[in-house]
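Participant: dropping a prediction and its sequence here:
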Amino acid sequence: MNVFRKLTTMSLESAKKIASTKAVDDFLKNNTVVGIGSGSTIVYAVERIAEHVKNNQWNLKFVPTSFQAKQLIHKYNLPLTDLESNPELDLCIDGADEVDGKLNLIKGGGGCLLQEKIVASCAKTLVIVADNTKNSTYLGEKYKKGIPIEVVPLCYLPIMNKIRNKFGGTISLRMAQCKAGPVITDNGNFILDWIHSDIEANWEKINVELLQIPGLIETGLFINMAYKAYFGMPDGSVKVQLNNADEIKRNDLQ
Ligand SMILES: O=C[C@H](O)[C@H](O)[C@H](O)COP(=O)(O)O
């Protein structure tokens, strides 16, 4: 492996780890219900959570946002629960593909956006952990693969046409890497990736309009949902970004 490439990869992984460690140390409390996000960064958060549970004998329960998250919860022998037993969560920790200046997010690069958004919406506080490459001014500045959109398989093509005709941009059906055909989500659906590179885009309005399309289940636009984001920086520090919007839930200030 090229040495430069190896060093870059290592520093990104360590950036994910320091962000996750600090977020967990700041937000995890005893006797709470916690949502566990999906992706590569959340792995470090769960590692840290498992240390707290073991060292402090904490009584916590965990709601997964994907098959992967459920496996992580099992791997560390953490107590698993669901939204039927625990419809209200104290905290949800998750990664993101991009975080803009207002803490709006693009999520779903790993195809897990639907359950992630449901679980986050049931939590008092959503905290995001990421490496510094995810920190941007506007959505689409850094993450170039487009907005992930989960759709019912039978209408993926009309939905692609409707989005293209109404909003422009380019849109594609996400194809699997080790299987012939499309990616199938944990919910049995397809994912579209929509590239719309207007830096002035009103994502809140677009998100509402997208959700009007029959068969379009959910978007990877998480608008005004995150309270705080932790970014691991190349110098080993952690940058913390806060959502100052009045309506955002903030259980660390209570
Ligand atoms: O569908 C995947 C999720 O939204 C992830 O949280 C997101 O893609 C970030 O993943 P990673 O931490 O691997 O960059």
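Facilitator: Alright, I've got the coordinates. Residues are numbered from 1 along each chain as shown.
Participant: drop to CA atoms for contacts and neighbour counts, all remaining ones
Facilitator: Noted.
Participant: so what's the residue lying closest to residue 232 once chain neighbours are set aside scoring on pLDDT?
Facilitator: Excluding the flanking residues, the one nearest residue 232 by Cα to Cα, 6 or more residues apart in numbering is residue 15, at 4.0 Å. Looking at residue 15, its pLDDT is 97.
Participant: likewise for residue 244?
Facilitator: 82.
Participant: ok, now how distant is it from the ligand?
Facilitator: Distance, residue 244 to the ligand, by Cα to the nearest ligand atom, to the nearest Å: 22 Å.
Participant: before we move on, back to that, wait, a helix at the residue nearest to residue 232?
Facilitator: Yes - judged by DSSP: H, G, I helix; E, B strand; the rest coil, residue 15 forms part of a helix.
Participant: so what's it up against?
Facilitator: 130, 131, 132, 231, 232, 233, 234, 236 (Cα atoms under 8 Å, 6 or more residues apart in numbering).
Participant: burial of the second one, as a residue count?
Facilitator: Right, residue 131. Other residues within reach of residue 131, judged by other Cα atoms under 10 Å, total 28.
Participant: isn't it up against residue 233?
Facilitator: Yes - in this structure, residue 131 is within contact of residue 233 by Cα atoms under 8 Å, at 6.6 Å.
Participant: all strands of this protein, in order?
Facilitator: Using DSSP state E, the strands found in the chain span residues 33-36, 61-64, 89-94, 98-99, 105-106, 123-131, 147-151, 170-173, 190-195, 216-219, 221-222, 228-232, 238-242.
Participant: and the residue nearest to residue 144 when sequence neighbours are not counted, how far is that from the ligand?
Facilitator: Closest residue to residue 144 apart from its sequence neighbours, by Cα to Cα, 6+ apart: residue 195 at 7.3 Å. Distance of residue 195 to the ligand, given as Cα to the nearest ligand atom: 16 Å.
Participant: just residue 65 next, same as before
Facilitator: The value you get for residue 65 to the ligand, if Cα to the nearest ligand atom is used, is 9 Å.
Participant: tell me, how many residues neighbour that residue?
Facilitator: Residue 65: 25 neighbours (other Cα under 10 Å).
Participant: what sits closest to residue 79 if chain neighbours are left out?
Facilitator: Closest to residue 79 by Cα to Cα, 6+ apart is residue 61, at 5.1 Å.
Participant: can you check residue 101 too?
Facilitator: Of all residues not flanking residue 101 in the chain, residue 137 sits nearest, at 4.8 Å (Cα to Cα, 6+ apart).
Participant: how about residue 160?
Facilitator: residue 171 (6.4 Å).
Participant: before we move on, back to that, hey, what's the residue nearest to residue 144 bridged with?
Facilitator: residue 170 (DSSP bridges).
Participant: residues near it, how many?
Facilitator: For residue 195, the tally of surrounding residues (other Cα under 10 Å) stands at 19.
Participant: measure it to residue 39 for me?
Facilitator: 21 Å (Cα to Cα, to the nearest Å).
Participant: next, work out how far apart the closest residue to residue 236 other than its chain neighbours and residue 198 are.
Facilitator: Sequence neighbours aside, residue 15 is the residue nearest to residue 236 in space, at 7.0 Å (criterion: Cα to Cα, 6+ apart). Going from residue 15 to residue 198 by Cα to Cα gives 29 Å.
Participant: what sits against residue 30?
Facilitator: 58, 59, 60.
Participant: so for the second one, what's the nearest residue that isn't a sequence neighbour?
Facilitator: Which is residue 59. residue 31 (5.0 Å).
Participant: report the contact partners of the residue of the stretch 151-254 of the chain found nearest the ligand.
Facilitator: Among all residues of the stretch 151-254 of the chain, residue 220 sits closest to the ligand, at 7.4 Å; criterion: Cα to the nearest ligand atom. Contact analysis of residue 220 by Cα under 8 Å, 6+ apart lists 105, 106, 107, 108, 113, 114, 147, 148, 149.
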